[in-house]
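Trainee: what's the 3D shape of this:
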Amino acid sequence: MYAVGHLALGYLSGKAVSKILNVNINIPLLFLASVLPDIDLLMQLFIPSLEHRGPMHSVIVFCLLFLPSFMFFRKRAIPYFVALIQHLLIGDYLTGGTQLLWPITTNWYGLGLGIEVTSLTNIFIEWVLFLTSLTIMFKTKDAWLLFRQHPSNIILSVPVLTVLLPTLLSFPLYVPLELVIPHLVYMALFIFSILMDWKAILTKI
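Mentor: Prediction:
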């Protein structure tokens with residue numbers, strides 16, 4: 001999936017789990033978790049041999065990394081873990097697969113449905129997820145939380161700088177034209193939220 005699908009599915013899955021467990025969630029942190037495996041795109045600048053959808057898309061790696069969070073935050077950590085794991089087990093598993101069990105094996109695992117990331121089927125799925133997430137964000141007033149100053153808003157810089165902005169600035173364009181609008185909407189929402197933080201910081205100086 002592209003960034004739009006991961007962000008939308010991460011929000012939807014994390015939000016659903018938070019409701020089931022009756023725990024509050026931090027929206028920027030939920031969005032960060034949903035695209036965290038794609039940090040390997042940034043890491044490739046320093047480790048050229050690192051493969052996208054490789055070790056940083058391993059369920060084993062993230063289960064181990066999340067152990068301290070489970071120990072300290074218990075069920076409050078679960079929505080973020082679910083938002084992250086959906087990236088591996090749903091988003092990328094449907095569209096090409098990942099090295100899901102690294103370092104035990106470097107084999108690639110995927111559903112094998114032939115759904116390519118550039119296919120109209122995937123683009124349709126990402127649009128549905130995007131519109132659903134946007135609807136729920138505004139209906140539950142989660143979107144308004146992003147319009148308020150909060151120290152955690154700054155972490156939205158990670159999805160902006162790693163998956164949203166690079167896909168739109170690449171030449172030829174990395175993201176299909178059909179998904180440019182959803183990418184721009186998420187990017188505008190996140191940048192506005194980040195600027196709210198910076199405005200508050202500059203006001204205090």
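Trainee: can we go C-alpha only for contacts and neighbour counts from here?
Mentor: Fine.
Trainee: Where does pLDDT dip in this protein?
Mentor: 112-115, 171-172, 200-202, 204-205 (pLDDT under 70).
Trainee: Next, the buried residues of stretch 143-158.
Mentor: For stretch 143-158, the neighbour count (16 or more other C-alpha atoms under 10 Å) marks Ala143, Leu145, Leu146, Phe147, Gln149, His150, Asn153, Ile154, Ile155, Leu156, Ser157, Val158 as buried.
Trainee: Check stretch 58-73 too.
Mentor: Buried residues in stretch 58-73 (16+ other C-alpha under 10 Å): Ser58, Val59, Phe62, Ser69.
Trainee: residues in contact with the biggest helix by length in the chain?
Mentor: When the chain is scanned for its longest helix (criterion: DSSP state H), the result is helix 180-204. Residues from elsewhere that reach helix 180-204 (C-alpha atoms under 8 Å, 6 or more residues apart in numbering): 3-4, 127, 130, 146-151, 153-154, 156-157, 160, 164-165, 168.
Trainee: Now do the buried residues in that helix.
Mentor: Using 16+ other C-alpha under 10 Å as the test for burial, helix 180-204 gives 180, 182-183, 186-187, 190-194, 196-198.
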